[in-house]
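Colleague: Give the three-dimensional model of this entry:
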Amino acid sequence: MIDLSHWNLTIPVDAEIIQTEDLQTYASPWFIRNADGSITFFAPSSGDGIKSTKNSTYPRSELRETLPNGDDDEANWSLDSAPVHQLSATLTVDSLPASGKAIIGQFHGESNHPPFKLQVARLAGSADTFKINVQHRPKLNGKELRPSFSRPFKLGEEFSYDVQVTSTGKLSVTIDDETVSGQFDIRSYKNDKWYAKAGIYSQEMVSGKGAGRATFYAIDMTHGDKAGDRPEQSRRELQR
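Modeller: Below is the predicted model:
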């Protein structure tokens, strides 16, 4: 089972936040609990009550990191608060909106320009194939870089991602056996507080067409002295 004890959830209807305590038993068309223990996140671009959050124009069904003790208080951490901060997940991207783009994991800071986003983007001329981009800003509010993984992925194809950022600002994002790296300017981000997010954050404006949909089999966010296990271990536990 996915541990939801240190997350809250924003759903696309009224951009409502489901707090940590309520999330433990929550289910809806936007947050579907499947029989195998996986969770499907669904963010349609239009429909009754579909709204974006403040400072955004896109709908989302997305987890937001909270404190690990199960309280509803939001988690906000600095790069130097632990040697390694790690977000890992195993998932399938099931559908994309008309724009062909969505965010499936991110580290957000205090500004409107997140330091890191993991974006899926449909390949031109293809209905079911996408690439994965590592969008990151080496400096606070600076230019965004967008290196991509070399191989394409299919809708419905299961994969795992592992994102690590160290206290020295080193970023590494691994999918399968490929790693894309980057470097944050720790002086620029010294006073910035970060938090993790995961789910489906559709990149199609509200009132647009289509929907983002992704099914997660494992999600984990840790802060510690070293990198943890890759999410395949959690996936194997789920299948037993």
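Colleague: From now on I want contacts and neighbour counts done on CA atoms only, so please keep to that.
Modeller: OK.
Colleague: Report pLDDT for residue 225.
Modeller: Looking at residue 225, its pLDDT stands at 88.
Colleague: Listing partners with orientation, what would you give for the strand of greatest length in the chain?
Modeller: If you go by DSSP state E, the chain has its longest strand at strand 211-224. Sheet pairing of strand 211-224 (DSSP bridges) gives strand 39-44 (antiparallel), strand 84-95 (antiparallel).
Colleague: partner residues bridging the residue most central in space within the chain?
Modeller: Against the mean C-alpha coordinate of the chain, by CA atoms, centre = their mean, the closest residue is residue 105 at 1.7 Å. Following DSSP bridges, residue 105 is listed with bridge partners residue 118, residue 198.
Colleague: shouldn't it be in contact with residue 202?
Modeller: No. Counting by CA atoms under 8 Å, residue 105 sits too far from residue 202 to count as a contact (11.5 Å).
Colleague: nearest spatial neighbour of residue 87, skipping sequence neighbours?
Modeller: Nearest non-adjacent residue to residue 87, counting by CA to CA, 6 or more residues apart in numbering: residue 221, 4.5 Å away.
Colleague: Low-confidence stretches in the protein?
Modeller: Scanning the chain for pLDDT under 70 picks out 228-240.
Colleague: Pull out the buried positions in stretch 67-87.
Modeller: Under the neighbour-count criterion of 16 or more other CA atoms under 10 Å, stretch 67-87 has 67-68, 71-80, 82-87 buried.
Colleague: quick one: residue 191 from residue 165, how far?
Modeller: 16 Å (CA to CA, to the nearest Å).
Colleague: what about the two, which has more around it?
Modeller: residue 165 (25 against 14; other CA atoms under 10 Å).
Colleague: Which secondary structure element is home to that one?
Modeller: Taking DSSP states H and E as the criterion, residue 165 maps to strand 158-166.
Colleague: so after that strand, what's the next helix or strand?
Modeller: Taking DSSP H and E, what comes next after strand 158-166 is strand 170-175.
Colleague: Can I get that following strand in CSV, CA atoms only?
Modeller: Output of strand 170-175 as CSV, limited to C-alpha atoms (Å, rounded to 0.1, in the frame of the first residue of the first chain):
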residue,chain,number,x,y,z
LYS,A,170,23.5,18.0,-7.0
LEU,A,171,20.4,16.8,-8.9
SER,A,172,20.1,13.3,-10.3
VAL,A,173,17.0,11.8,-11.9
THR,A,174,17.1,8.1,-12.8
ILE,A,175,14.7,6.1,-15.0
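Colleague: Return the set of buried residues in the helix or strand following that strand.
Modeller: As assigned by DSSP H and E, the chain's next helix or strand after strand 170-175 is strand 178-183. The neighbour-count check on strand 178-183 (16+ other CA under 10 Å) flags 179, 180, 182, 183 as buried.
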